[in-house]
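Undergrad: sequence first, then the predicted structure, then my questions.
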Amino acid sequence: MSTLAERIAPLAERFRRDGFVVVPGLLTPDELERYGRVVDEAVARRKRYDWRKLSEKSPYEQSFIQCTNLWEDSPEVLPLTFHPLVAETAARLLGIERIRLWHDQALYKEAGGRLTDPHQDQPYWPLLETDTITAWIPFDGSSDENGCMGYVPGSHAIGLRKFGKIFPPENALEILKLPEIRDTPPVFTVYFSAPHRVDFRALVRDLAGRLGARLHHLDAGAGTHRGQDQAEVHHPRMVGPSARTWP
């Protein structure tokens with residue numbers, strides 16, 4: 001039976017090339033079912049007083065329901081946020097020995113919600129360091145109908161860094177028209193059932209040490225789509241509320 005290091009080694013090269021990679025079989029079906037249930041409950045508690053209809057929300061809120069750092073007030077979510085296999089995989093993909101958590105977040109795509117506009121995560125974070133990686137764990141199947149994640153391959157390595165305005169709907173796709181990436185079609189991850197896999201993506205990282213970015217967006221969908229989006233950040237001097245490290 002192969003070790004995690006042996007499984008990740010061939011994926012790491014693809015990750016460095018494209019800026020994202022799918023890791024199959026990282027979480028078990030039982031884990032996905034259990035964690036999906038407790039994240040559902042945690043989000044329901046956070047949003048129990050929000051009775052607004054989708055049409056009454058801002059364009060940003062129409063893209064998804066968002067809850068961050070669920071592990072802080074929902075102990076049942078903590079084992080997922082600090083899952084050792086997820087953390088080790090992220091560290092091995094980056095080629096480092098230790099990794100530190102910035103935050104977790106649950107993103108729920110409501111039925112009829114608008115697309116999540118193409119953007120880079122890094123400019124929205126109060127972090128100077130750019131050696132960052134996220135893990136996207138879709139609890140439900142994702143498809144063209146209910147919304148699936150899209151990436152622009154190689155966009156992390158071209159020296160591009162732009163604050164994408166993901167709030168005004170009229171600007172939704174402007175970032176994809178930039179000359180550096182306009183001829184690179186997005187790649188979408190589609191799962192037809194609850195997957196046993198995790199998507200990892202580089203946020204601002206390139207092999208030459210220049211400033212780069214990986215662009216991604218989430219399609220609009222007719223159904224409700226659940227996804228636990230876990231952002232893990234590594235830097236020796238980073239300080240913040242999440243003091244735990246792996247290992």
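TA: Received the coordinates, thanks. Bear in mind the structure is a predicted one, so any value in this text is a computation, not a measurement. Residues are numbered from 1 along each chain as shown.
Undergrad: please make it C-alpha for all contacts and neighbour counts, starting now.
TA: Noted.
Undergrad: and for D131, the neighbour number?
TA: The number of residues packed near D131 is 19, by other C-alpha atoms under 10 Å.
Undergrad: for it, phi and psi?
TA: Taking degrees, to the nearest 10, you get phi -80, psi 70 for the backbone angles of D131.
Undergrad: the one 5 residues further on now?
TA: Main-chain dihedrals, W136, degrees, to the nearest 10: phi -110, psi 120.
Undergrad: looking at this structure, which helix or strand is least sure?
TA: The helix or strand of the chain with the lowest confidence, counting by mean pLDDT, DSSP states H and E, is strand 225-233 at a mean of 51.
Undergrad: pretty sure R46 is touching C67, no?
TA: Yes: with contact defined as C-alpha atoms under 8 Å, R46 reaches C67; the gap is 7.5 Å.
Undergrad: how far away is the nearest residue to L107 once chain neighbours are set aside from V39?
TA: Nearest residue to L107 in three dimensions, chain neighbours excluded: Q66, at 4.8 Å (C-alpha to C-alpha, 6 or more residues apart in numbering). The gap separating Q66 from V39 is 12 Å, by C-alpha to C-alpha, to the nearest Å.
Undergrad: these two: which is more packed in?
TA: Taking other C-alpha under 10 Å, Q66 and V39 do not tie; V39 has more neighbours (24 against 18).
Undergrad: ok, the closest residue in space to that one that isn't next to it in sequence - contacts?
TA: Excluding its sequence neighbours, the residue lying closest to V39 (C-alpha to C-alpha, 6+ apart) is V77, at 6.4 Å. The neighbours of V77, taking C-alpha atoms under 8 Å, 6 or more residues apart in numbering as the test, are 35, 38-39, 42, 70-71.
Undergrad: out of those residues, who's nearest R98?
TA: Relative to R98, the closest of the contacts of V77 is W71; by C-alpha to C-alpha it sits at 20.4 Å.
Undergrad: so that closest one versus V77, what's the distance?
TA: Note on W71: its distance to V77, by C-alpha to C-alpha, is 5 Å.
Undergrad: buried residues, the longest helix along the chain. List them.
TA: Identified as the longest helix of the chain according to DSSP state H is helix 29-46. For helix 29-46, burial by neighbour count (16 or more other C-alpha atoms under 10 Å) applies to 32, 35-36, 38-39, 42-43.
Undergrad: ok, and what's touching the helix or strand containing P79?
TA: Under the criterion DSSP states H and E, the helix or strand holding P79 is helix 78-81. With C-alpha under 8 Å, 6+ apart as the test, helix 78-81 has contacts from 35, 70-72, 104, 230.
Undergrad: P123 - how many residues pack around it?
TA: The burial count assigned to P123 is 17, neighbours taken as other C-alpha under 10 Å.
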